[in-house]
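Trainee: got a predicted structure plus its sequence, pasted below:
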Amino acid sequence: MIKYPLAKVIEGQTTIIVPDVEAFRKSPSSFPPSDAPVFYNKKMEINRDFALALLRVYLNKKEIEDEVTYCEPMAGSGIRSIRVANELPSIQVLMNDRNPQAVKLIKENVKRLKLKKHTEVFEEDANELMLRFRASGRKIDIIDLDPFGSPSQFIDVTAQTISKNGLLAVTSTDMATMCGVYPKACIRKYASKPIHSFISHELAVRMMLGFTAIALARHGKSAVPIFAHSTEHFIRAYIIIEKGITKAKNAMTNLGFVAHCNNCYSLETVNGLINTLAKQCSNCEQIRQIGGPIWLGKMYEKDYVKALENELVQNAIAYGTTKKMLKIVSLVKEEVEAEVSSEKNHFYFDIHRITDKLNLPSPKMVKVIAILQKGGFIAFRTHFRTNSIKTDAPIEKVVETVKQAIQEK
């Protein structure tokens, strides 16, 4: 019997009981989800909605006929896995958490929703569970890593366990570390040097993708990112797993470094596991920040992004955050175009930062983009920072364009 306050919530097409987190609030400034006996965060509904939508797209794309096994090694309240089991009944769902209170809650929801036939519930350490699956030869097609904080300590075991052509979904809420507030911790966790700047959120996604690609390559597997996003306090990436030494070697060529100047905001990237970028900025001669190794390859597969948008439009009733997701996807579609148009277009320029430095009013983004595109440059918006532009134009050209846009206004 569960002896703490519960609340009934509806997410997607599933009604589930979860901890009444507000009953555990210790102070006005506390974080109730972490104070409750079982972790449940309402604000992560968009994360779970994207997970269900991408899962539906993945299953449709792959046209899988055999039974698919989905595993969430750190399920918490189990709301994501319960939704998968309830809304996609063709999937075998494995739910695990080492917190006995969480396991008890998950089992209660499985019982209430009559999901026992195609679910299994475990109470183990996440890494130990996945290693046991690997040792027994059990096929795990989809692994969803959503830890509290950093996923880094689970990536290597996940890389060993996940099946060929499987789907790996990874969340990180370790943003202070990955965005350069704690650089030594970032190097320790991800073997990558961060940059504390306005490009940090995209850098964080690319860092996580690079770290994951390296782990997969060690086990003869390659990473093919199909979708990624940065939303509020977390980042999330979806990766198709391919098997083969040659593919793993090819994936490693997508690793590299980025140099960012905090004075003039210039950006430069280089592929390779050895940094060859100069510390001194060639534009203003100031010392630049250099980050990496990170993933410099594509973050999106155009067909998957298009299919995801179609899913959100056609099946909007299945998600509570459809409007927010479509807004993100609409901007991601522009990033996809930037990826298609240029091999070297990786990061973005913050137009507001540029105008603040020049002590100028901010022009309309559409005007800046139009002028750059008319001049033959690639220029698109980005979901990572809505006042920023992805472009292959050098910083001098961007500054010139901003001034022109202000004058024409």
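Mentor: Received, thanks.
Trainee: could you use CA atoms for every contact and neighbour count after this?
Mentor: Will do.
Trainee: same question for whatever helix or strand L308 lives in, mean pLDDT?
Mentor: Taking DSSP states H and E as the definition, L308 sits inside helix 302-314. Mean per-residue pLDDT for helix 302-314: 97.
Trainee: low pLDDT regions in the stretch 251-400 of the chain?
Mentor: In the predicted model, the stretch 251-400 of the chain carries pLDDT under 70 at residues 342-345.
Trainee: wait, I meant the stretch 1-150 of the chain
Mentor: Ranges of the stretch 1-150 of the chain meeting pLDDT under 70: 29-30, 32, 63-65.
Trainee: show me where it has strands.
Mentor: For the stretch 1-150 of the chain, strands defined by DSSP state E, counting those that start in this stretch occupy the ranges 6-11, 14-19, 68-72, 91-96, 119-122, 140-145.
Trainee: would a markdown table of those with distance to K43 and mean neighbour count be doable?
Mentor: What follows is these, written out as a markdown table (distance: least, C-alpha to C-alpha, whole Å; neighbours: other C-alpha atoms under 10 Å):
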| stretch | distance to K43 | mean neighbour count |
| --- | --- | --- |
| strand 6-11 | 12 | 14 |
| strand 14-19 | 14 | 20 |
| strand 68-72 | 19 | 21 |
| strand 91-96 | 21 | 22 |
| strand 119-122 | 25 | 18 |
| strand 140-145 | 17 | 22 |
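Trainee: and the end-to-end length of stretch 389-398?
Mentor: The first residue of stretch 389-398 is 9 Å away from its last residue (C-alpha to C-alpha, to the nearest Å).
Trainee: chain center to it, what's the gap?
Mentor: 25 Å (C-alpha atoms, centre = their mean, to the nearest Å).
Trainee: please apply the same query to stretch 77-90.
Mentor: Counting by C-alpha atoms, centre = their mean, stretch 77-90 comes out at 20 Å from the chain centroid.
Trainee: now do it: everything it contacts.
Mentor: 11-14, 16, 18-19, 38-40, 48, 52, 67-68, 72, 75, 91-95, 102-103, 105-106, 109-110, 113, 115, 118-119 (C-alpha atoms under 8 Å, 6 or more residues apart in numbering).
Trainee: same check, this time on stretch 269-281
Mentor: Here stretch 269-281 has contacts from 253-259, 261, 266, 268, 286-290, 293, 296, 344, 346, using C-alpha under 8 Å, 6+ apart.
Trainee: quick check: chain neighbours aside, which residue is closest to the residue nearest in space to the middle of the chain?
Mentor: The centre of the chain sits closest to R236, judged by C-alpha atoms, centre = their mean, with a distance of 1.6 Å. Leaving aside its sequence neighbours, R236 sits nearest to T171 (C-alpha to C-alpha, 6 or more residues apart in numbering; 4.5 Å).
Trainee: then the one you found would be within a strand, right?
Mentor: Yes. Counting by DSSP: H, G, I helix; E, B strand; the rest coil, T171 is located in a strand.
Trainee: surely C71 is in contact with I91?
Mentor: No. With contact defined as C-alpha atoms under 8 Å, C71 does not reach I91; the gap is 10.1 Å.
Trainee: all strands for the stretch 201-350 of the chain, in order.
Mentor: Going by DSSP E, counting those that start in this stretch, the stretch 201-350 of the chain shows strands at 221-231, 234-243, 255-260, 267-271, 289-295, 348-350.
Trainee: contacts only, for Q286.
Mentor: C261, N263, Q280.
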